[in-house]
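*Asks:* build me a structure from this.
(2 chains)
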Amino acid sequence: MKKTDMVKKKLKGSSVGIAGAGGLGSNAAIALARVGVGRLVIVDFDIVEKSNLDRQYYFLDQVGKQKVDALKETIKQINPKITVETHSVKLKPGTMSSLFCDVDVVIEALDSAEIKTAFIEEILSKLPHTPLIAASGVAGYGHCDRIHTIHSGNLHLCYDEQARSSDKDILTAPRVALMANWEANLALEILLGDL
Amino acid sequence: MSITVNGKSVPWVKGETVTALLTRMKYTFPLVVVKINNNVISKKEFATTAIPNGADVAVIHMISGG
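*Replies:* Sure thing, here's the model as predicted:
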């Protein structure tokens, strides 16, 4: 079998859970949909706002819609065969792992450091066999060369420890999409291995 | 008698907790994920978890933005 066909087949039978459908989550979901991951489980409670359009994968005519619904709609326009399971709920510590029990890989795509930390702690302890991809240090622009990956057991972190918090710096489309695609690329590395 | 913290070898201190180690390393980040020998330590266990000799400790700084 050709490599293209092997990759397609493997990804079609794979699933990825995405916690958060903002800048990281929406861009990562689109990348994974384009590459043909068969099933995506997307969780976010928020609605699309006009201010999101500077970096998140939404369009003007989607303003006011639930983010998960808008994202599903866009994914279906790219590849209608992909199963998109959406949950319009706010992730709360203690129950965050329940929606991701049956996926091959989980992507953390949340915004605040508090919720990122709680999510990572919970997934690593409650789903110890599920690879978790996370991102820290998304804000700002430039400094591509500071971004790197940390692999620590089942945690794979897209990391720029010199970045400032998004409370003190701006979130920009190129850097957010870069980190989102970095996460999606790590997911492929895990799903495909040395195929 | 040493431990590794983020790839750096530092002396092991008997009975030192995660909280004390973070202070010794001058890690003042408000939010961190801590792993000892690949096991994640929850924030509420920082003050009571002692670092064993020879431990491999990872301290990851979580920064807002997503």
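
*Asks:* only C-alpha atoms from now on, for both contacts and neighbour counts.
*Replies:* Noted.

*Asks:* burial count for the closest residue to residue B:28 other than its chain neighbours?
*Replies:* Distance criterion C-alpha to C-alpha, 6 or more residues apart in numbering or on different chains; nearest residue to residue B:28, sequence neighbours excluded, is residue B:22 at 7.3 Å. Using other C-alpha atoms under 10 Å in any protein chain shown, residue B:22 is surrounded by 18 other residues.

*Asks:* now the most centrally placed residue in chain A: phi and psi?
*Replies:* Closest to where the C-alpha atoms of chain A average out (C-alpha atoms, centre = their mean) is residue A:25, at 3.7 Å. Per-residue torsions, residue A:25: phi -70, psi -40 (degrees, to the nearest 10).

*Asks:* where's it relative to chain B, distance?
*Replies:* 8 Å (C-alpha to the nearest C-alpha, to the nearest Å).

*Asks:* so that residue makes contact with residue A:182?
*Replies:* No. Using C-alpha atoms under 8 Å as the test, residue A:25 is too far from residue A:182 to be in contact (11.5 Å).

*Asks:* so what's residue A:167 closest to, chain neighbours aside?
*Replies:* Nearest to residue A:167 is residue B:64, by C-alpha to C-alpha, 6+ apart, at 7.3 Å.

*Asks:* what's the local residue count around residue A:105?
*Replies:* 23.

*Asks:* for it, which residues are in contact?
*Replies:* A:15-17, A:130-133, A:187, A:190-191 (C-alpha atoms under 8 Å, 6 or more residues apart in numbering or on different chains).

*Asks:* which bits of chain A sit near chain B?
*Replies:* Where chain A comes near chain B, counting by C-alpha under 8 Å from any C-alpha of the partner chain, the residues are A:22-25, A:109-114, A:116-117, A:120-121, A:124-125, A:135-139, A:152-153, A:161, A:163-167, A:171, A:176.

*Asks:* 6 Å - rerun?
*Replies:* A:23-24, A:109-113, A:136-139, A:153, A:165-166 (C-alpha under 6 Å from any C-alpha of the partner chain).

*Asks:* restricted to strands, list these.
*Replies:* residue A:136 (DSSP state E).

*Asks:* of the residues of chain A next to chain B, closest to residue A:65?
*Replies:* residue A:23 (15.9 Å; C-alpha to C-alpha).
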